[in-house]
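Student: No letters, just coordinates:
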């Protein structure tokens, strides 16, 4: 059995997908969670030391059987491939990869609003909401509805659940925590979140995991 | 660029590139790149190396995103003077990301990002470095290893002639 350790902050954020894949697969792993207060110790100030420890100064990272893997989607795809959550063939894997990249674009577009709401960056969320949240909800959510409609499986990929469903539903959950009305015009996406949360291998975990705003 | 408005309506996401492969539509550049690379031995030699390459590609994307506010003004894709954004978006970003790329190169020992040799992320990165040099010719002055890295990729035997003869494209 490979030794597996995931290191990320004590929030869902960009680390939760990896946690979900491993729990779905019932794989033993160390879920090392860093508080924001501890982060300066883990992320050395000196850029050269930072390169040696976390290479990029960012979390999550995964230690898998002695190998270090960086970047959330690289980690997610690596773990998903091992546990049948990557897509059933090359085409479907490319579809899943593409949707994951769109999700990243979505997050980047909303970021100024998101960072202000979380207090990670200065700014008044109310002033940023229209341009950075509302306009992007209007741009990206219909794309997700369209992918779901085309797949016909209830998940993003035609063959069923894949890692990108975890990434997207975690982010949509965060947006709902910011404002429970954010998905009011998108019942299909609310249903989608519920569907992922009811996957039998994960139902208990979703019901009992600690609340994390983001 | 003139044809774009009509074509845009037909694409799934309103964006390019897209790939049509054997009747399948594939969207998003890195999804396309990874799909093709896996078919032609350019994705990384095993799962661990593929994850390394994927991770470096995501770092590269973060780099581009950090530079973009300046980039789109310099290219004239957005109105306004790029100069006020140059320090924060271009120079601070290169200070942050160039050392990370150098570190990956140093660790791989192959002269490319992956230990086993050339992979698709070498193309993604060197194209971006080339663009940055076109827009700001001094940008690699303190990074001769990155200049050599670009040359090394451009001298890959299967591509040498293509690189030498392809039309100039600023970006």
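Tutor: The structure has been received and is ready for your questions. Remember, it's a predicted structure, so these values are computed and weren't measured experimentally.
Student: If you drop the residues flanking it in sequence, what lies closest to residue B:8?
Tutor: residue B:14 (5.3 Å; CB to CB, 6 or more residues apart in numbering or on different chains). Glycine gets a C-beta too; all of them are placed from N, C-alpha and C.
Student: Residue B:52 now?
Tutor: Nearest one to residue B:52, counting by CB to CB, 6+ apart, is residue B:114 at 6.1 Å.
Student: Roughly how far does the one you found sit from chain A?
Tutor: Applying CB to the nearest CB, to the nearest Å, the value for residue B:114 to chain A is 13 Å.
Student: hang on, isn't residue B:170 packed against residue B:130?
Tutor: No: applying CB atoms under 8 Å as the test, residue B:170 and residue B:130 come out as separate, 9.6 Å apart.
Student: Compare neighbour counts for the two and give me the winner.
Tutor: residue B:130 (18 against 9; other CB atoms under 10 Å in any protein chain shown).
Student: Just say helix, strand or coil for the more buried one.
Tutor: At residue B:130 the chain is in helix, as set by DSSP: H, G, I helix; E, B strand; the rest coil.
Student: I figured it hits residue B:150, correct?
Tutor: Yes: counting by CB under 8 Å, residue B:130 touches residue B:150, with 6.4 Å between them.
Student: In the helix or strand harbouring residue B:123, which residues are buried?
Tutor: Element membership for residue B:123, per DSSP states H and E: helix B:120-135. With burial defined by 16 or more other CB atoms under 10 Å in any protein chain shown, the residues of helix B:120-135 counted as buried are B:120-126, B:128-133, B:135.
Student: Report the contact partners of the residue nearest to residue B:52.
Tutor: B:44, B:45, B:49, B:52, B:53, B:108, B:121 (CB atoms under 8 Å, 6 or more residues apart in numbering or on different chains).
Student: pLDDT wise, what is it at?
Tutor: Residue B:114 carries a pLDDT value of 98.
Student: got it, and residue A:46?
Tutor: pLDDT recorded at residue A:46 is 57.
Student: residues in contact with the residue lying closest to residue B:28 once chain neighbours are set aside?
Tutor: Sequence neighbours aside, residue A:98 is the residue nearest to residue B:28 in space, at 3.6 Å (criterion: CB to CB, 6+ apart). Neighbouring residues of residue A:98 by CB under 8 Å, 6+ apart: B:26, B:27, B:28, B:31, B:32.
Student: ok, how many other residues are close to the last one?
Tutor: With neighbours defined by other CB under 10 Å, the count for residue B:32 comes to 20.
Student: Any idea how many residues pack against residue 6?
Tutor: If you meant another chain, say so; for now it's chain A. Going by other CB under 10 Å, the residues that sit close to residue A:6 add up to 24.
Student: my bad, chain B
Tutor: 8.
Student: longest helix in chain B, by residue count?
Tutor: Ranked by residue count, the top helix of chain B under DSSP state H comes out as helix B:47-74.
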